[in-house]
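Asker: sharing a model prediction with you, sequence too.
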Amino acid sequence: MRHFAVVGSGPAGFYTAEALEKAYGEQGRIDILDRYPVPYGLIRFGVAPDHQSLKAVSKRYDKVAESAGVDFIGNVCVGRDVSVAELLDFYDAVILAIGAPHDRRLGIPGEDLPGVFGSAQFVGWYNGHPDFAELDPPLSGTHAAVIGNGNVALDCARILSKTAREFEGSDIVGHALEALDQSAIRTITILGRRGPHQIAMTPKELGELGHLEAASPIVDIADFPPLEADQALEPGQRKSITILREFAATPPDPAKPKRMVFDFFAKPLSIEGDGKAERIIVERTELDEKGAARGTGETYGVPASLVISAIGYWTPQIEGVPYDERGTKFVNEGGRISDRLYAVGWARRGPTGTIGTNRPDGYEVADLIAAAMPAGSSGERAGAEGLKRLLERRGVIATDYDDWRKIEQTETGRARPGSPREKFVRHQEWLQTIGR
Ligand SMILES: Cc1cc2nc3c(=O)[nH]c(=O)nc-3n(C[C@H](O)[C@H](O)[C@H](O)COP(=O)(O)OP(=O)(O)OC[C@H]3O[C@@H](n4cnc5c(N)ncnc54)[C@H](O)[C@@H]3O)c2cc1C
């Protein structure tokens, strides 16, 4: 029998557990650990609440959790409640799938002013992450800005622009729905350092902006290269640019009170204001020979009492695990960190790619493990039994998948009409629900 600990129950953790289960069958026991009693990582806390069909991937993960060789051990934070070295004592292999939960900083003056948030904070607030339940982003001003030209920036801008009716059927948490319904924000500027050809926004997410109830996307055709240049783009990107060109050709709908303005070739220099964010000072850029943004010296102010930066994430360090300071992830080679220690998902690759990108990642690492310790070979490790004894001695309340089911049922039961669930947004509420 082999014992495996997968640390993190996001997509990467579940795909790895699925792959290990397939590789080892009855010869393997896989424990998926998570710092929270609720699983799924960014499927719960990142993916937008108005994109429920994407969240349905969790049904596949449930099947993995229910299979005979797999257990969920929640409410255990690796690095705090148990060290990686201790896990390596209990398990034949440890796979770190802890994601990249922290916001990359802008590194410009004024970014610590009240009213400036990273997207992990803002997204966590509307998605019910316990660390950000109290965020209370200022929504009483008329202007907001989102820094970044990827899908997360689009998520943030779209959520800021939607009406309460457009959130029907979503699982946006009650406190965010209420606050957004009262929001005075009328202009949301999306700032990108480079041009339309350099965006990392996908067609589906961009296309949605053309159908918003109360907001019109505003794009300046002068920002585009000649139409022929689009031919060189790969098909998905070309589709995105075509959508942006359509926005540029469509005048804003006078019946819609909100504007979502794409400000390309705009590099934030600083955030200014009297004790809080009031405006971003931006430098106009152009592309240099290598396609990088080069400042032109021309500056201007973009009014914004709420600023959200969506420019990437980093993985936290864990004692004893080599860390790639520049890449913001664990040092690894094809997923292998060191003897019996591996990384998958964002902790392995950095914060890029879709949910599906994590699947081959998990399978690849399961293959590496199976090559190093073939199914049928036996280890001498204590597995979950040893871990649970240690956690008990330390007073750590470990939870299981039945506990999660109870939380899930309670969240479903208290949902608004038409919504799949009303999430608990505090750690204590999860534990109370399961009587701990
Ligand atoms: C705002 C946002 C929106 C997105 N929207 C989409 C989308 O619409 N479509 C799409 O395809 N992709 C989307 N993605 C990308 C997708 O969410 C990621 O590719 C995927 O979640 C990465 O998986 P992961 O398992 O590596 O990390 P995560 O999903 O972050 O999972 C990490 C898990 O590890 C746990 N953990 C962290 N630290 C510890 C610790 N010390 N001990 C124990 N457990 C720990 C966390 O609680 C979490 O459950 C989005 C990402 C973001 C940020």
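Answerer: Right, received. Where do you want to start?
Asker: low pLDDT regions in the stretch 101-250 of the chain?
Answerer: By pLDDT under 70, the stretch 101-250 of the chain has no low-scoring segment.
Asker: the ligand contacts on that one?
Answerer: Pro101, Val123, Val152, Asp155 (CB under 6 Å from any ligand atom). C-beta coordinates here come from the backbone N, C-alpha and C atoms, glycine included.
Asker: contacts only, for Ala77.
Answerer: No Ala there; residue 77 is Cys. Counting by CB atoms under 8 Å, 6 or more residues apart in numbering, Cys77 touches Arg35.
Asker: for it, grab phi and psi.
Answerer: Torsion angles at Cys77 (phi, psi; degrees, to the nearest 10) stand at phi -100, psi 110.
Asker: any idea how far it lies from the ligand?
Answerer: Distance, Cys77 to the ligand, by CB to the nearest ligand atom, to the nearest Å: 5 Å.
Asker: how about Pro37?
Answerer: With CB to the nearest ligand atom as the criterion, Pro37 and the ligand are 10 Å apart.
Asker: that residue and Gln428 touch, don't they?
Answerer: No. Under the criterion of CB atoms under 8 Å, Pro37 is not in contact with Gln428, lying 11.0 Å apart.
Asker: between these two, who's got more neighbours?
Answerer: Pro37 (26 against 10; other CB atoms under 10 Å).
Asker: do you know how far that one is from Phe72?
Answerer: 9 Å (CB to CB, to the nearest Å).
Asker: before we move on, what about Met201?
Answerer: 34 Å.
Asker: more neighbours: those two, which one.
Answerer: Phe72 (27 against 24).
Asker: list the residues that contact the closest residue to that one other than its chain neighbours.
Answerer: Leaving aside its sequence neighbours, Phe72 sits nearest to Tyr401 (CB to CB, 6 or more residues apart in numbering; 4.3 Å). Contacts for Tyr401 (CB under 8 Å, 6+ apart) come out as Pro39, Ala65, Glu66, Asp71, Phe72.
Asker: for those, which one is nearest the ligand?
Answerer: Pro39 (6.6 Å; CB to the nearest ligand atom).
Asker: can you check what pLDDT the model gives the residue in the stretch 301-436 of the chain that the ligand sits nearest to?
Answerer: Using CB to the nearest ligand atom, the single residue of the stretch 301-436 of the chain nearest to the ligand is Gly345, 2.3 Å away. For Gly345, the pLDDT comes out at 98.
Asker: likewise for Thr328?
Answerer: 86.
Asker: now it: how far from Glu66?
Answerer: 34 Å.
Asker: likewise Tyr24?
Answerer: 17 Å.
Asker: which one of these two has more residues nearby?
Answerer: Tyr24 (22 against 10).
Asker: would that one count as being in a helix?
Answerer: Yes. Assignment of Tyr24 by DSSP: H, G, I helix; E, B strand; the rest coil places it within a helix.
Asker: for Pro217, pull up the helix or strand it's in.
Answerer: Pro217 belongs to strand 215-218 when assigned by DSSP states H and E.
Asker: so where's the longest strand in the chain?
Answerer: With secondary structure taken from DSSP state E, the chain has its longest strand at strand 293-303.
Asker: which other helices and strands does that strand contact?
Answerer: strand 143-147, strand 187-191, strand 266-272, strand 279-287 (3 or more CB pairs under 8 Å, 6 or more residues apart in numbering; DSSP states H and E).
Asker: ok, which of these comes nearest Gly320?
Answerer: In terms of CB to CB, the element of these nearest to Gly320 is strand 143-147, at 34.7 Å.
Asker: the closest one pairs with which strands, parallel or anti?
Answerer: strand 187-191 (parallel), strand 306-309 (parallel) (DSSP bridges).
Asker: give me the helices and strands touching whatever helix or strand comes next after the first one, please.
Answerer: This points to strand 187-191. Tracing the chain C-terminally past strand 187-191 and defining elements by DSSP H and E, one meets helix 203-208 next. Counting contacts by 3+ CB pairs under 8 Å, 6+ apart, helix 203-208 packs against helix 151-161, helix 235-249.
Asker: give me the next element, helix or strand, following the first one.
Answerer: Next along the chain after helix 151-161, taking DSSP H and E as the criterion, comes helix 174-181.
Asker: now do the strands in the stretch 301-436 of the chain.
Answerer: Remark: strands assigned in the stretch 301-436 of the chain by DSSP state E, counting those that start in this stretch are 306-309, 313-314, 323-324, 329-330, 336-338, 341-343.
Asker: so which of those is the most surrounded?
Answerer: strand 306-309 (a mean of 28; mean count of other CB atoms under 10 Å).
Asker: do that one and the ligand meet?
Answerer: No. Judged by CB under 6 Å from any ligand atom, strand 306-309 stays clear of the ligand, getting no closer than 10.9 Å.
Asker: please give me every residue in contact with Ala398.
Answerer: Ala398 neighbours (CB under 8 Å, 6+ apart): Ile73, Gly74, Asn75, Val76, Lys388, Leu391.
Asker: per-residue confidence for the residue positioned nearest the centre of the chain?
Answerer: Compute the mean C-alpha point of the chain, and by CA atoms, centre = their mean the closest residue is Gly46, 4.0 Å away. With respect to pLDDT, Gly46 scores 98.
Asker: do I have it right that it meets Phe122?
Answerer: No. With contact defined as CB under 8 Å, Gly46 does not count as touching Phe122 (11.2 Å).
Asker: identify the contacts common to those two.
Answerer: By CB under 8 Å, 6+ apart, no residue touches both Gly46 and Phe122.
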